[in-house]
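Engineer: Only the shape, not the letters, is given here:
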């Protein structure tokens, strides 16, 4: 096994896969009866991650990277939770007959996970390392508490490559947008239950880097060019990060 990728391969020896698990709040017709009276919840951060789909598409376009997205609400089935997780479904689906839940998993959860798995493994056929970047956003305030970050980078601190990559990306974001507060593993722990952890359990640390990008939704809801400018800054910062991470062995700053 090769050492963990704190030192990079030759330039170009990596693949990039973009995903967006919470891109919309759509409820397919067969299940709409389970969400009668819950439209406000579907329209909130509980129903989806505003802006995450647009950010994911911008990244995929900028880097010509393969992308997997979903516009089905996380309340129907949360694609970023493991099967059996208590929050895999909203309460109305939890109380539905087992065959309904099985149908939802079969039609939406498994195809999504299978497609992401296929792209990541295909990337590893073509490259020695894959960076899986999942696009998310978070509400500015939760349970009465303000979140004090503009951007979060989630990773597993025990994976040296992920830690080094996020340290480098944070520095690049600081250079591109010094007005922003960027925090690592905030507002959530990167090693918590989720799709990236699922892949970490199956792929070596020297082959797979799972990073979740979290953007404060106050920037997405801002008027004018603010949101489009921020997307561009994130793209530029990632370009700089990839260049530094993979082109200057041993100089992760």
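Structural biologist: Received the coordinates, thanks. Treat the numbers as computed from the prediction; the structure is a model and nothing was measured.
Engineer: Now do the same contact list for the nearest residue to residue 221 once chain neighbours are set aside.
Structural biologist: Excluding the flanking residues, the one nearest residue 221 by CB to CB, 6 or more residues apart in numbering is residue 50, at 7.2 Å. For glycine as for every other residue, the C-beta is placed from the backbone atoms N, C-alpha and C. Listed by CB atoms under 8 Å, 6 or more residues apart in numbering, the contact partners of residue 50 are 137, 217, 220, 221.
Engineer: ok, 7 Å please
Structural biologist: 137, 217, 220 (CB atoms under 7 Å, 6 or more residues apart in numbering).
Engineer: what's the neighbour count on residue 60?
Structural biologist: For residue 60, the neighbour count with other CB atoms under 10 Å is 21.
Engineer: Quick check: closest non-adjacent residue to it.
Structural biologist: residue 67 (3.9 Å).
Engineer: hey, what's that neighbour bridged with?
Structural biologist: Taking DSSP bridges as the rule, residue 67 bridges to residue 18.
Engineer: Near it, how many other residues are there?
Structural biologist: 20.
Engineer: I figured it hits residue 55, correct?
Structural biologist: No - using CB atoms under 7 Å, residue 67 makes no contact with residue 55, being 11.1 Å away.
Engineer: Spit out the residues that contact these two alike.
Structural biologist: Between them, residue 67 and residue 55 share no contacting residue, judged by CB under 7 Å, 6+ apart.
Engineer: and the spatially most central residue of the chain, how far is that from residue 126?
Structural biologist: With distances taken as CA atoms, centre = their mean, the residue of the chain nearest its centroid is residue 134 (2.1 Å). For residue 134, the distance to residue 126 equals 20 Å [CB to CB, to the nearest Å].
Engineer: Of the contacts of residue 50 - the most surrounded one?
Structural biologist: Neighbour-wise, these (other CB under 10 Å) top out at residue 137, 26 neighbours.
Engineer: Contacts only, for that one.
Structural biologist: Counting by CB under 7 Å, 6+ apart, residue 137 has contacts 49, 50, 51, 52, 214, 215, 217, 220.
Engineer: Select from those every entry located in strands.
Structural biologist: 214, 215 (DSSP state E).
Engineer: The stretch 1-150 of the chain: helices as residue ranges?
Structural biologist: 39-43, 52-63, 91-94, 98-104, 110-126 (DSSP state H, counting those that start in this stretch).
Engineer: right, so those: which one is the most enclosed?
Structural biologist: helix 52-63 (a mean of 20; mean count of other CB atoms under 10 Å).
Engineer: which other residues reach that one?
Structural biologist: Taking CB under 7 Å, 6+ apart as the rule, helix 52-63 contacts 16, 18, 20, 22-24, 65, 67, 69, 133, 135-137, 215, 231, 234-235, 238.
Engineer: again, but for stretch 110-117
Structural biologist: 19, 68, 70, 79, 195.
Engineer: What of stretch 26-41?
Structural biologist: Outside stretch 26-41, the residues within contact range by CB under 7 Å, 6+ apart are 42, 47, 71, 72, 73, 75, 76, 92, 93, 96.
Engineer: For that stretch, give the mean pLDDT please.
Structural biologist: Averaged over stretch 26-41, pLDDT sits at 98.
Engineer: distance between the ends of that stretch?
Structural biologist: 12 Å (CA to CA, to the nearest Å).
Engineer: give me the low-pLDDT residue ranges for the chain?
Structural biologist: For the chain, the stretches flagged by pLDDT under 70 are 1-12, 248-253.
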